[in-house]
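J.: Starting from these lines, generate the structure:
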Amino acid sequence: MLKEIIVSSAGNRMRVAVLEDHVPVEVYFEPPGAELVGSIYKGRVENVLPGIEAAFVDIGLERNAFLYVKDARVLAGKRSGRLQIQQILKPGQEIIVQVVKSHFGAKGARVTAHVTLPGRYLVLATSVQHIGVSRRIGSPAERERLRQIATALRPTGMGLIVRTAAEGVGEEELRHDLEMLVKRWEDICVKAREPAPRLLYRDIDLLPRILRDFFTGDVNRLVVDSEALRQEVLSIIADLGPELKDRVFLETGPDLMAAYGVEQEVERALKRRVWLKSGGYLVFDRTEAFTVIDVNTGKYVGSASLEETVVKTNLEAAREIARQLRLRNIGGIVIIDFIDMVEERHRQQVLSVLEEALRRDRVRSHLLGITKLGLVELTRKKSRPSLAEMLLQPCPHCGGTGYVRREVGGELSEETGEDLPEDANNSLQRQTGEL
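T.: Purely as a prediction, here's the structure:
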């Protein structure tokens, strides 16, 4: 599979796209404000609410952050157990927390006391003594080698997670990465001596973060649209991965994103309906609780039988749905209404294709299977706003419902909600003395 990263700084705003076989699958925009996810704060507990097993923490932002009990138990020296939130936290208590989910709308950011610091090859877990290896590293021998190195390097009282980029990397490079993370945590602890609320650490900007997390050995090309940006990329990867410098390319032109089809795909991803190449289509509907995706044959009529037409449409839809989830950055619960199939083997085939397509996604998802109503359920982790939440705003006329009041020529009765005929309306006005 050909994998490319496109980076543009046109318009004084950083934009990044990830392409697989020339097709955009993920897009990232530099936020207008500071990035919150990954930032570490010293906060002050404002309210402890046993009724919802959570606490609100003042971290210095406009809205207090939300800390759930399972994310707070580490503060009591326990990773699990039945401790209640009021047994762990008290109002006025000062604690170190990390943002795991950005604020949105009226909701504040969600935070955790499980603080982690990501590096190029390792993630330092400051509150758990655990060794983990990325599931994307498939070789059992390589996984065991990395696990042994991580066990030997693990700082006392902390844990390590070995990232996918560490595959094939030697112990000395892993040690150097860990030393930087430990030094970063020590600096954070020094800052934490000051009173709350206080920002202790902010995750790096979009470009360095993309290069750290995405620009690995499986990426064939990284394309930028200016010489200044190319020099910035080369400067960053001089420490992260100097062997990748020959994969950085400069392409000048009026619009790099449009040239690679990114702008067009973003516009498609902002629409409710997405057409499939066969002539079928998908419909995306977002509710407060979950996202619903409906699959339709549309213009596709097939050639052999109805079952064959349905199966081909569903298979194409499964691959496109996995891509759209990444492109739109849809998180939370997702319900998919595939077209009904008669044979069980066809249903399992569609599930297998969907599961395989989801494996390409860096964001963790969980495919739960088919319900008794024939609906496919899955969940996808959400930490940052979706594409629609970043680029769109609710319609001021319909309030985001997609509907406005129909003009019917009469008025609605307040009691029945039915249209009143014109003569009844005039009669009502005479009875009330209105002209």
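J.: Show me which strand runs longest in the protein.
T.: strand 40-49 (DSSP state E).
J.: List the pairing partners of the helix or strand following that one within its sheet, with orientation.
T.: Heading C-terminal from strand 40-49, the first helix or strand you meet, by DSSP states H and E, is strand 54-58. Take DSSP bridges as the rule and strand 54-58 pairs in its sheet with strand 40-49 (antiparallel), strand 65-68 (antiparallel).
J.: What are the contacting residues of strand 54-58?
T.: Residues from elsewhere that reach strand 54-58 (C-beta atoms under 8 Å, 6 or more residues apart in numbering): 43-49, 64-69, 72, 85, 89, 95, 97, 108, 111, 196-197. For glycine as for every other residue, the C-beta is placed from the backbone atoms N, C-alpha and C.
J.: Equivalent analysis for stretch 19-28, please.
T.: For stretch 19-28, contacts defined as C-beta under 8 Å, 6+ apart pick out 1-6, 15-18, 206, 210, 260-262, 265-266, 323, 326-327, 329, 360, 387.
J.: repeat that with 6 Å
T.: 1-4, 16-18, 262, 265, 323, 326 (C-beta atoms under 6 Å, 6 or more residues apart in numbering).
J.: Compute the number of surrounding residues for residue 39.
T.: Counted with other C-beta atoms under 10 Å, the neighbours of residue 39 add up to 19.
J.: Spatially central residue in this protein, please.
T.: residue 382 (4.4 Å; C-alpha atoms, centre = their mean).
J.: any idea how far the residue lying closest to that residue once chain neighbours are set aside is from residue 283?
T.: Spatially, and ignoring its direct neighbours in sequence, residue 382 is nearest to residue 331 (2.2 Å; C-beta to C-beta, 6 or more residues apart in numbering). Distance, residue 331 to residue 283, by C-beta to C-beta, to the nearest Å: 19 Å.
J.: Compare those two and say which one has the larger neighbour count.
T.: Shown here are residue 331 and residue 283; by other C-beta under 10 Å, residue 331 has more neighbours (19 against 14).
J.: Surely residue 295 is in contact with residue 339?
T.: Yes. In this structure residue 295 lies within contact range of residue 339 using C-beta atoms under 6 Å: 5.5 Å.
J.: quick one: which of the two has more around it?
T.: Using other C-beta under 10 Å as the criterion, residue 295 and residue 339 rank with residue 295 on top: 24 against 18.
J.: Looks to me like that one is in a strand.
T.: Yes. Residue 295 forms part of a strand when assessed by DSSP: H, G, I helix; E, B strand; the rest coil.
J.: mind checking how far the residue nearest to residue 382 is from residue 290?
T.: Distance check for residue 331 against residue 290: by C-beta to C-beta, it reads 10 Å.
J.: likewise residue 271?
T.: On the measure of C-beta to C-beta, residue 271 and residue 290 end up 19 Å apart.
J.: Neighbour count for these two, which is higher?
T.: Ranked by neighbour count (other C-beta under 10 Å), residue 271 and residue 290 place residue 290 first, with 14 against 11.
J.: Ignoring the adjacent residues along the chain, who's closest to that one?
T.: Closest residue to residue 290 apart from its sequence neighbours, by C-beta to C-beta, 6+ apart: residue 333 at 3.7 Å.
J.: hmm, who's touching the helix or strand encompassing the one you found?
T.: Assessed by DSSP H and E, residue 333 sits inside strand 332-337. Residues outside strand 332-337 that contact it (C-beta under 6 Å, 6+ apart): 290-294, 375-376, 378-379, 382.
J.: in its sheet, what does it sit against?
T.: Strand 332-337 sits in its sheet next to strand 290-296 (parallel), strand 376-380 (antiparallel), going by DSSP bridges.
J.: So which elements touch the helix or strand where residue 325 lies?
T.: Assessed by DSSP H and E, residue 325 sits inside helix 306-328. Packing partners of helix 306-328 (3 or more C-beta pairs under 6 Å, 6 or more residues apart in numbering; DSSP states H and E): strand 23-29, helix 344-358.
J.: now with 7 Å?
T.: strand 23-29, helix 262-269, strand 281-286, strand 290-296, helix 344-358, helix 387-391 (3 or more C-beta pairs under 7 Å, 6 or more residues apart in numbering; DSSP states H and E).
J.: Least confident of these, on average?
T.: The stretch with the lowest mean pLDDT among the helices and strands packed on helix 306-328 is helix 387-391, at a mean of 89.
J.: got any ranges where the stretch 51-200 of the chain has weak pLDDT?
T.: The stretch 51-200 of the chain contains residues with pLDDT under 70 at 78-81, 105.
J.: So which residues of the stretch 51-200 of the chain form helices?
T.: Per DSSP state H, counting those that start in this stretch, the stretch 51-200 of the chain carries helices over the ranges 85-88, 140-153, 171-191.
J.: Specify the stretch among those helices that is closest to residue 121.
T.: Residue 121 lies closest to helix 171-191 among these, at 4.6 Å (C-beta to C-beta).
J.: okay, the angle between the closest one and strand 40-49?
T.: In terms of direction (axes from the mean of the first three to the mean of the last three C-alpha atoms, to 10 degrees), helix 171-191 departs from strand 40-49 by 60 degrees.
J.: Put the alpha carbons of helix 171-191 into PDB.
T.: C-alpha atoms of helix 171-191 as PDB (Å, rounded to 0.1, in the frame of the first residue of the first chain):
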ATOM      1  CA  GLU A 171      18.000  -0.500  22.500                       C
ATOM      2  CA  GLU A 172      20.100   2.700  22.500                       C
ATOM      3  CA  GLU A 173      17.500   4.600  20.500                       C
ATOM      4  CA  LEU A 174      14.800   3.500  22.800                       C
ATOM      5  CA  ARG A 175      16.900   4.500  25.800                       C
ATOM      6  CA  HIS A 176      17.500   8.000  24.400                       C
ATOM      7  CA  ASP A 177      13.800   8.400  23.800                       C
ATOM      8  CA  LEU A 178      13.000   7.300  27.400                       C
ATOM      9  CA  GLU A 179      15.600   9.700  28.800                       C
ATOM     10  CA  MET A 180      13.900  12.700  27.100                       C
ATOM     11  CA  LEU A 181      10.500  11.600  28.500                       C
ATOM     12  CA  VAL A 182      11.800  11.100  32.000                       C
ATOM     13  CA  LYS A 183      13.400  14.600  31.800                       C
ATOM     14  CA  ARG A 184      10.100  16.000  30.600                       C
ATOM     15  CA  TRP A 185       8.200  14.500  33.500                       C
ATOM     16  CA  GLU A 186      10.800  15.800  36.000                       C
ATOM     17  CA  ASP A 187      10.300  19.300  34.600                       C
ATOM     18  CA  ILE A 188       6.500  18.900  35.000                       C
ATOM     19  CA  CYS A 189       6.900  17.800  38.600                       C
ATOM     20  CA  VAL A 190       9.000  20.900  39.300                       C
ATOM     21  CA  LYS A 191       6.300  23.200  37.900                       C
END
